[in-house]
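Novice: just to be clear, the model below is a prediction. Sequence and coordinates:
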Amino acid sequence: MALNNPAFSRNEAFSNQGAVAVAQDMSAQQLQDMYNQPATLPDREVMTIEDSIAKSAASFGVLLVGAAIGWLTVQTVPFLWIGAGIVGFVLALVNIFKKEPSPALILAYAGVQGVFVGGISAWYELAYGGGIVAQAVIATLVVVGVTLALFASGKIRASARATKVFMIAMVGYIVFSLVNFGLILFGVTDDPWGLRGAEIMGIPLGLIIGVLVVIMAAYSLVLDFDFIQQGVRNRAPRKYGWTGAFGIMVTVIWLYLEILRILAITRD
């Protein structure tokens, strides 16, 4: 794929040519040792869809606990969720660049990022009226559920062309977000949403971009599911189910925050 979730793309376990790439990095002695071992891992030691789902559920469970803490402390410790967001970003980078998954670090990311998500959700709830978080959660679950159902039924699949379009759109969105943040930070615009508050035919630009980003996040989920499926086909070690859980968690958090912002713009 032209652009993939880095949680997967940096790991040969999820590559279409994973076995070839790994073999090229091995010495003659390592290859001989591999030859002397059993041809495949026992079934209980390989990655499966069911095990990846269980690890994902555990990760989201920890995230929800963290979210409850962030939600309850948003007024008593107002900057806790901001600090958690910074720590979560660092942990995300650590998990992405580690060659092998670490369950402890992935669960730590889930907990810390949960505090951030809970805190910013409570802030949105206070600023834009009750019910906005519930609406965002329901919308996120609907998008994830529909995407998963379409992927499981074979009606939607990742393709090289679609992924190239996704790459171009993602780069454009990142550039736009950085420019918009700079305009707000340096007071170039007095609109709290920056360029997102500008209207095109009476529709805020933030809503148009938001809908496109939700579609991008849904396709990112397709890439995540596709990589997990590839890891299962490659009979990757069972520990890589944690990598699958981490990748899905990153995408779902991104999707939820974008939906939350869309709802806030509509209420503003």
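Specialist: Structure's in. What do you need?

Novice: for residue 46, phi and psi?
Specialist: phi -100, psi 160 (degrees, to the nearest 10).

Novice: just checking, it touches residue 236?
Specialist: Yes - contact criterion Cβ atoms under 8 Å: residue 46 and residue 236 qualify, at 6.8 Å. No exception for glycine: its C-beta is placed from N, CA and C like everyone else's.

Novice: ok, those two, which is more surrounded?
Specialist: residue 236 (24 against 18; other Cβ atoms under 10 Å).

Novice: for that one, give its distance to residue 218.
Specialist: 25 Å (Cβ to Cβ, to the nearest Å).

Novice: ok, residue 266 next?
Specialist: 20 Å.

Novice: of these two, who's got more company?
Specialist: When neighbours are counted by other Cβ under 10 Å, residue 218 comes out ahead of the other of residue 266 and residue 218, with 18 against 14.

Novice: what sits against that one?
Specialist: 143, 146, 147, 255 (Cβ atoms under 8 Å, 6 or more residues apart in numbering).

Novice: for those, which two are the farthest from each other?
Specialist: Across the contacts of residue 218, no pair lies farther apart than 146 and 255, at 11.9 Å, counting by Cβ to Cβ.

Novice: how many residues are close by residue 93?
Specialist: Applying other Cβ under 10 Å, we find 12 other residues in the vicinity of residue 93.

Novice: distance check, it against residue 246.
Specialist: Counting by Cβ to Cβ, the gap from residue 93 to residue 246 is 12 Å.

Novice: C-alpha coordinates for stretch 57-71, CSV please?
Specialist: Provided in CSV are the C-alpha atoms of stretch 57-71 (Å, rounded to 0.1, in the frame of the first residue of the first chain):
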residue,chain,number,x,y,z
ALA,A,57,-11.4,-5.3,23.6
ALA,A,58,-8.9,-5.3,26.5
SER,A,59,-7.2,-2.2,25.1
PHE,A,60,-10.5,-0.3,24.7
GLY,A,61,-11.5,-1.4,28.2
VAL,A,62,-8.4,0.3,29.6
LEU,A,63,-9.1,3.3,27.5
LEU,A,64,-12.6,3.6,28.9
VAL,A,65,-11.2,3.5,32.5
GLY,A,66,-8.8,6.3,31.6
ALA,A,67,-11.6,8.3,29.9
ALA,A,68,-13.7,8.1,33.1
ILE,A,69,-10.7,9.5,35.1
GLY,A,70,-10.3,12.3,32.5
TRP,A,71,-14.0,13.1,32.6
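
Novice: can you list the buried residues in that stretch?
Specialist: Of the residues in stretch 57-71, 58, 59, 60, 62, 63, 66, 67, 69, 70, 71 count as buried by neighbour count, 16 or more other Cβ atoms under 10 Å.

Novice: quick one: average confidence on it?
Specialist: Taken as a whole, stretch 57-71 carries a mean pLDDT of 96.

Novice: residues making contact with it?
Specialist: Contacts for stretch 57-71 (Cβ under 8 Å, 6+ apart): 80-81, 84, 106-107, 110-122, 242, 245-246, 249, 252-253.

Novice: low pLDDT regions in the stretch 1-150 of the chain?
Specialist: 1-44 (pLDDT under 70).

Novice: where along it do the helices fall?
Specialist: 6-9, 18-24, 28-36, 49-72, 80-97, 103-128, 132-152 (DSSP state H, counting those that start in this stretch).

Novice: now the ones you listed as a markdown table including distance to residue 173?
Specialist: Listed next are those as a markdown table, based on distance: least, Cβ to Cβ, whole Å:
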| stretch | distance to residue 173 |
| --- | --- |
| helix 6-9 | 16 |
| helix 18-24 | 30 |
| helix 28-36 | 42 |
| helix 49-72 | 24 |
| helix 80-97 | 17 |
| helix 103-128 | 19 |
| helix 132-152 | 17 |
